[in-house]
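> structure for the following, please:
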Amino acid sequence: MGFLFENGNFALFRDGFLQTIELSALSALLALLLGTLLAAFRVSPIPVLRAFGTCWVTIFRNTPLTVLFFAVTFGLPPLGVHFDHLTFAVLALGGYTAAFVCEVLRSGINTVPLGQAEAARSLGLTFGQTLVHIVLPQAARTVLAPMSSVFIALPRNSAIAGAFSVGELYSVQQGFSDGDGYSIFAIFFWVACAYLLISATVALLFRFLESRLAVAR
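A predicted model of the protein is given here:
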């Protein structure tokens, strides 16, 4: 168990841990913004936007995340899109997670009484204004619990990025396992603790939000 504090291993592990946090945070931000936009598309009165949102969710929810990483990392450069490995990982992971965020938000939108949207329209509010000021604030409060499950899973999904030249926890684990001859059980113990710490922090954040924004029943 003490290998982590030998020969500079802690610095490598720390860098991988911080890279995982950065990747997860950036992907979560992209997923939240894109997922909200897709949810708006899915309930939009414009058929083209509804079709786009439906296609995105259908494709991304039913495609393995590893395949999406391959598609983004190796499919975009031939099209003239060149980013660093971290950015490609954020695009793949954020786009994938956005599909789940969209569906969670859409389920929350469906819980808002239709009469509220009709009342907003009778006051002269546009669809966008009604969605932003009336519907989404209520929907977001009702879906905090299922939304937390999406974002708790995100850091664990980020492990796939290690196979695509991103120096996060999974790639650090591979380096320790393949090149340094340390016990695999010790390595996975510390990696598991790191993922547990990140997931527990996300869970506590959503629990705090649930307590502050709880909907009275």
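> tell me the helices and strands packed up against the helix or strand of the chain with the lowest mean pLDDT.
In the chain, the helix or strand scored least confidently by mean pLDDT, DSSP states H and E is helix 169-179, which has a mean of 71. Using 3 or more CB pairs under 8 Å, 6 or more residues apart in numbering; DSSP states H and E as the contact test, the elements touching helix 169-179 are helix 9-42, helix 184-212. No exception for glycine: its C-beta is placed from N, CA and C like everyone else's.
> out of the ones you listed, which is the most enclosed?
helix 9-42 (a mean of 19; mean count of other CB atoms under 10 Å).
> what helices or strands is that one leaning on?
Using 3+ CB pairs under 8 Å, 6+ apart: helix 9-42 touches helix 47-61, helix 85-109, helix 144-157, helix 169-179, helix 184-212.
> contacts for the least confident helix or strand of the chain next, please.
Residues outside helix 169-179 that contact it (CB atoms under 8 Å, 6 or more residues apart in numbering): 3, 9, 12-13, 15-17, 19-20, 159-163, 165, 182, 184, 187-188, 191, 194-195.
> mind running it again at 7 Å?
With contact meaning CB atoms under 7 Å, 6 or more residues apart in numbering, helix 169-179 is reached by 12-13, 16-17, 20, 159, 162, 182, 184, 187, 191, 194-195.
> stretch 42-49 too?
Residues contacting stretch 42-49 (CB under 7 Å, 6+ apart): 41, 50, 53-54, 102, 106, 109, 127.
> how near is residue 147 to residue 14?
Noted for residue 147: a distance of 29 Å to residue 14, by CB to CB, to the nearest Å.
> so where's the protein shaky on pLDDT?
Where the chain drops to pLDDT under 70, the residues are 1-8, 177-182, 214-217.
> which one, of the helices and strands packed on helix 169-179, ends up nearest to residue 132?
helix 9-42 (8.6 Å; CB to CB).
> distance from the chain centre to that closest one, please.
Distance, stretch centre to chain centre, for helix 9-42: 6 Å (CA atoms, centre = their mean, to the nearest Å).
> before we move on, the earlier item: any chance of the contacts of helix 169-179 in CSV, plus distance to residue 95?
Shown next, in CSV, are those (distance: CB to CB, whole Å):
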residue, distance to residue 95
12, 29
13, 29
16, 23
17, 24
20, 18
159, 17
162, 18
182, 35
184, 33
187, 30
191, 25
194, 25
195, 22
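> residue 206: which of those residues is nearest?
residue 195 (16.8 Å).
> distance to residue 77 for the helices and strands packed on helix 9-42 - can I get that in CSV?
Formatted as CSV, those follow (distance: least, CB to CB, whole Å):
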stretch, distance to residue 77
helix 47-61, 20
helix 85-109, 9
helix 144-157, 23
helix 169-179, 21
helix 184-212, 30
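> compare these and give me the one nearest residue 119.
The nearest among the helices and strands packed on helix 9-42, by CB to CB, is helix 85-109 at 15.9 Å.
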